[in-house]
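A.B. asks: attaching a predicted model along with its sequence, questions to come.
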Amino acid sequence: MSERAIQRSWLRVVHETVLLHLGLFYLGTVCLLWTPFAMALQPLLPAVLGRRLGRRVISWNFHGYLRFLTLIGACRFDLRELDALRGQGPLILAPNHPCLLDAVMVISRLPDVACIMKAGLMDNVFLGAGARLARYIRNDSPLRMVMRATEDLAAGSHLLVFPEGTRTTRLPMNPLMSSVGLIARRAKVPVQTIFIETASPYLCKGWPLFRRPEMPVTYRVRLGKRFEPARNVQEFMRELEHYFAAELQHATLPDLPASATSPRRHDDAATGAERG
């Protein structure tokens with residue numbers, strides 16, 4: 001390798017390392033800035049108002065984060081298909097789970113999403129206060145989780161559930177957990193499948209947070225089949241797992257045009273939120 005090529009390679013490493021840290025710094029900063037306000041507002045606001053405000057602020061913050069990653073050239077996103085879900089009433093959103101950015105991508109486009117979170121994250125210094133104000137749902141008690149999810153769906157919200165339970169470790173996907181079928185049967189709400197596609201292992205299971213990926217990292221989110229509420233949970237889960245496996249087995253990720261990589265203006269998203 002020539003000296004010039006070595007120099008270009010070194011400069012690229014430095015450049016991408018700077019972009020990685022800029023992105024993480026941005027997200028950490030906006031979360032910390034919102035934390036004291038969320039902590040103060042939770043005991044003061046009625047639950048309905050706190051939930052609405054908390055979810056909208058999280059959606060705005062995530063939207064700004066993805067826009068920042070796009071502007072600095074770290075990532076490319078095509079999330080346009082998610083916009084069709086606004087104003088459609090209660091739905092269980094069931095994506096595959098390749099990386100840590102999955103929930104961020106979905107929530108950035110949909111301003112009224114209840115998210116089922118690990119109990120530890122609900123007490124996290126960066127995310128906990130905002131999640132509690134938004135009335136996100138802890139996963140520490142399965143029965144309580146199903147009941148809380150059912151109540152939230154009855155209020156007209158979307159519910160984000162990752163059927164794999166954790167990030168994918170076995171391609172095309174992990175075995176599915178039955179929680180999505182149980183909630184669908186109890187709430188009598190359809191399950192909208194969502195496919196998150198990327199060719200990069202960035203932030204997959206086991207990927208260190210500060211490990212640099214090759215940039216730009218490209219993501220595409222597309223809508224899949226919508227399943228009617230489960231009657232028999234076991235049969236429903238077998239059908240869902242077969243469908244996910246078949247779709248992901250043949251998924252391809254084309255290069256995204258520039259028009260697809262810029263997140264939508266969030267004043268448009270706010271208009272959509274009013275309709276929802």
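C.D. replies: Sure thing, it's come through. Residues are numbered from 1 along each chain as shown.
A.B. asks: and the helices in the stretch 151-276 of the chain, which stretches?
C.D. replies: Under the criterion DSSP state H, counting those that start in this stretch, the stretch 151-276 of the chain contains helices at 179-187, 233-249, 258-261, 266-275.
A.B. asks: which residues sit against the longest one?
C.D. replies: To tie it back to what came earlier, the one meant is helix 233-249. 94, 96, 163, 171-173, 175-176, 178, 180-182, 184-185, 191, 193, 195, 224-225, 227, 230 (C-beta atoms under 8 Å, 6 or more residues apart in numbering). (Each C-beta comes from the backbone N, C-alpha and C, glycine too.)
A.B. asks: who's in contact with the closest residue to R185 other than its chain neighbours?
C.D. replies: Once flanking residues are discounted, R185 sits nearest to A230: 4.3 Å by C-beta to C-beta, 6 or more residues apart in numbering. A230 makes contacts with 181-182, 184-185, 191, 236-237, as judged by C-beta under 8 Å, 6+ apart.
A.B. asks: pick the one among the residues you listed closest to R4.
C.D. replies: Lowest distance from R4 to the contacts of A230 (C-beta to C-beta) belongs to V191, with 54.1 Å.
A.B. asks: my guess is H63 contacts R109. True?
C.D. replies: Yes: look at H63 against R109 with C-beta atoms under 8 Å: they come within range, at 7.5 Å.
A.B. asks: what about those two, which has more around it?
C.D. replies: R109 (26 against 23; other C-beta atoms under 10 Å).
A.B. asks: just read off the phi/psi values of that one.
C.D. replies: Main-chain torsions, R109, degrees, to the nearest 10: phi -110, psi -10.
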